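> turn this into a structure:
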Amino acid sequence: MHSQTLILIQCQDAVGLVASIAQIIAKHQLNIVTMREFVDEENKKFFLRVVCSGVPAAPIALQQNLYADLPAHALVTINPDRQKKLVVLVTKEHHCLADILVRHFFQTLNADVKAVVGNYDTLKDFTEKFDIPYYVVSHEHKTKEQFETELAATIEPFNPDYIVLAKFMRILSPSFVSRFENKLINIHHSFLPAFIGASPYRQAYKRGVKIIGATAHFVTNDLDEGPIIVQRTKSINHSYDVPNLVTAGKEIEKAVLSHAIQLLMEDRVMLQGNKTVVFE
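All right, here's what the predicted structure looks like:
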């Protein structure tokens, strides 16, 4: 039983929403601990995340009361699952996966990593040291459709809340993305808008960049242009060679992906078109 109640609301904006929601919560003998709201004025959309002490005696009635008082087509979620299920997709790079598995081992991830799936077996032994199952789904000598069919068949039995692409170096088709809509989370270096293709850190080195960074975002059909969850940058200078850039970049990627996962696990991220509302 939760000692607190979490309520998430998305709906069209209207006058008096905060007051009416607070009244309904009070009628159910819940005390508001924190309330964060945001109005997208351009789209007239209202977002709310509220934490209350105590638990409602009748959660279904609370939800129905809120729906009855909110504008049509509202979305109300009460006490979403606290322990989200994750499946992690990898290729060969270990830094993001390692960070996730260590946090999972020490129970600071606030999530249940159900499996790791890789298109190579490079990270299999490492993953299994943490007693996490590792599945190899090779892309070699297969069509994209065959590969993604096998990949989806491996993922779906775990019914994950989110699928984390921890440096998974395969471009996913629109059909695969739609199959797991709003569940796919990717991490990439922020060089992509300027340095497209292979060896972005080498490209950045040759260009003499002064800032490097990383972005965690939802995956959509537009490559690396999905709704952004977290971004972070680091200032660098002329003394950084390519290995130094790669090392610094990996550290930022780990930090950004970890922060994004934390926000998602705590239900602090709401989608609005190609943007996110993040209640830090």
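
> where does the stretch 51-200 of the chain dip in pLDDT?
191-197 (pLDDT under 70).

> can you do 80?
189-200 (pLDDT under 80).

> what's across from residue 188 in the sheet?
residue 215 (DSSP bridges).

> doesn't residue 224 make contact with it?
Yes - taking contacts as Cβ atoms under 8 Å, residue 188 lies within contact range of residue 224: 5.6 Å. (C-beta placed from N, C-alpha, C; glycine too.)

> avg pLDDT for stretch 238-258?
Per-residue pLDDT over stretch 238-258 has a mean of 93.

> hang on, the earlier thing: so between residue 188 and residue 224, which is more surrounded?
residue 188 (19 against 16; other Cβ atoms under 10 Å).

> okay, domains of this structure per the record?
4-78, 85-278 (the TED database).

> the nearest residue to residue 87 once chain neighbours are set aside and residue 168, how far apart?
Among residues not flanking residue 87 along the chain, residue 160 sits closest, at 4.3 Å (Cβ to Cβ, 6 or more residues apart in numbering). According to Cβ to Cβ, to the nearest Å, residue 160 stands 14 Å off from residue 168.

> so for the two, which residue has more residues nearby?
Using other Cβ under 10 Å, the more surrounded residue of residue 160 and residue 168 is residue 168, with 25 against 22.

> dump the residue contacts of that one.
Contacts here follow Cβ atoms under 8 Å, 6 or more residues apart in numbering; on that basis residue 168 touches 89-91, 119, 186.

> residue 74 too?
9-12, 66-67.

> check residue 30 too.
Contact partners of residue 30, counting by Cβ under 8 Å, 6+ apart, are 5, 52-56.

> identify those among these that sit within strands.
Counting by DSSP state E, these place 5, 52-53 in strands.

> JSON lines for those, including distance to residue 40?
Formatted as JSON lines, the ones in strands among the contacts of residue 30 follow (distance: Cβ to Cβ, whole Å):
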{"residue": "5", "distance to residue 40": "25"}
{"residue": "52", "distance to residue 40": "24"}
{"residue": "53", "distance to residue 40": "29"}
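
> which among those residues end up buried?
Buried subset of those (neighbour count, 16 or more other Cβ atoms under 10 Å): 5, 52.

> on that earlier part again, who touches both of residue 188 and residue 224?
Taking Cβ under 8 Å, 6+ apart as the criterion, residue 188 and residue 224 both touch 215, 217.

> so which bits of stretch 55-64 are buried?
So, applying 16+ other Cβ under 10 Å, buried residues of stretch 55-64: 55-56, 62.

> and those as a markdown table, adding distance to residue 22?
Formatted as a markdown table, those follow (distance: Cβ to Cβ, whole Å):
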| residue | distance to residue 22 |
| --- | --- |
| 55 | 18 |
| 56 | 14 |
| 62 | 13 |
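
> how about residue 249, secondary structure?
Taking DSSP: H, G, I helix; E, B strand; the rest coil as the rule, one finds residue 249 in the helix state.

> and what of residue 168?
When classified by three-state DSSP, residue 168 comes out as coil.

> again, but for residue 63
Once three-state DSSP is applied, residue 63 turns out helix.
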